[in-house]
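Visitor: Generate a structure from the sequence data that follows.
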Amino acid sequence: MRDLLGIAVLAITVAVFAAVSESGVALTFVMMTLYATLLAQAWNVLGGFGGQFSFGHALFFGTGAYVQVIAQITWGLNAWVALVAAVAAAAGVGAFVGALTFRYGLKGSYFALVTLAFAEVFRILAVSVGFTGGGVGLMLPLSEAASNLQFGSRRGFVYLALAFVVVGLLITSWLRHSRFGARLQAVRDNEDAARAVGVDPFRIKLGAIVLSGALMGAGGGFYVQVFQYIDPAIAFGPATSVEALVAAIVGGVGTLWGPLLGAAVLHLLAELTRNLFGELPGLNMVVYGVVLVIIVTFLPRGLSGAGRSIRELWRRRDG
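Guide: Numbering: from 1, shown residues only. Below is the predicted model of the structure:
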């Protein structure tokens, strides 16, 4: 109940702020923070609760993004129907990758590198085939209407992103308290011990990667609707994967509020550095790298576990 109460408070607070705010800058900041939170939540399901660190989550993001735009401009589907197809396609790719990797026991650095390789393979395919627009990419025609998932202001996109984040929070809360979540965390902590007590690691990890892929695909569909353009570098490039995993690690992996906290802090730092230094290429990646090094070194549990990490540092110092 405490989780549900916190989620309700967050949803009401953000919804009220979006309703009363007239600042386009503030609404854009909230929208992008929620978008980054969704990506971090997707990574956290697999990496935080499942212990399967992925370097290629852009694979699911790009799948969702391309299905979202292709379903509309090629298949003539409504944007809402296309969004469902995008989420389903990303979940399907997650099932495919999971079936290949988990069946053969890949984990740790091997799994991380395989996901990175899959993302790169999909990027090359997107450049090579015609229906993705090749290296030029695809542009979604402007047609402002709620029925087309294109809103006249950022306010509508804030509501949409908030809905996705609330779903992600509910899934995370379910993982914390459900039998499936307990089994997933048992596999994360000791796969052999979990198997010894009757847990099927393959099935549990496969379910986690499907959930993770679905959330990431929703992020890809959201991105396309906001910016109305996608190309292979954006869809399957490393920047999206880095943003997802860094926000989750900075906030605290395997936690309910960690992805939101990490995304908010990183976007606040990115805005501050952008105002100070302008649009320097790669600056956000430098900021992410510096913050990640600091967090891993001094706050291994992330910002959400900062209090516990600081207490342990003080105890070691006194001892």
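Visitor: Hmm, Ile230 and Val69 touching each other?
Guide: Yes: using C-beta atoms under 8 Å as the test, Val69 is close enough to Ile230 to be in contact (5.8 Å). Where C-beta positions appear, they are placed from N, C-alpha and C, glycine not excepted.
Visitor: what's the overlap in contacts for these two?
Guide: Common neighbours of Val69 and Ile230, counting by C-beta atoms under 8 Å, 6 or more residues apart in numbering, are Leu138, Val224.
Visitor: how about the CA coordinates for the one helix or strand Ala233 maps to, as PDB?
Guide: Using DSSP states H and E, the element containing Ala233 is helix 232-236. Taking C-alpha atoms only, helix 232-236 is exported to PDB below (Å, rounded to 0.1, in the frame of the first residue of the first chain):
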ATOM      1  CA  PRO A 232      19.300   4.200 -37.400                       C
ATOM      2  CA  ALA A 233      21.800   6.100 -35.300                       C
ATOM      3  CA  ILE A 234      19.100   7.500 -33.000                       C
ATOM      4  CA  ALA A 235      17.200   4.200 -32.800                       C
ATOM      5  CA  PHE A 236      20.000   1.700 -32.200                       C
END
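Visitor: Could you give me the buried positions within that helix?
Guide: Applying a neighbour-count criterion of 16 or more other C-beta atoms under 10 Å, one finds Pro232, Ala233, Ile234, Ala235, Phe236 buried in helix 232-236.
Visitor: Can you add distance to Phe222 and pLDDT and give the residues you listed back as TSV?
Guide: TSV is the format used below for the buried residues of helix 232-236 (distance: C-beta to C-beta, whole Å; pLDDT from 0 to 100):
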residue	distance to Phe222	pLDDT
Pro232	19	97
Ala233	18	95
Ile234	13	95
Ala235	13	97
Phe236	17	97
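Visitor: Val296: which of those is nearest?
Guide: Nearest to Val296 out of the buried residues of helix 232-236 is Phe236 (C-beta to C-beta; 26.0 Å).
Visitor: Ignoring the adjacent residues along the chain, who's closest to the closest one?
Guide: Leaving aside its sequence neighbours, Phe236 sits nearest to Arg123 (C-beta to C-beta, 6 or more residues apart in numbering; 3.6 Å).
Visitor: what does the helix holding Ala233 contact?
Guide: Outside helix 232-236, the residues within contact range by C-beta under 8 Å, 6+ apart are 58-59, 61-62, 65-66, 119-120, 122-124, 126-127, 132, 135, 137, 220, 223, 240.
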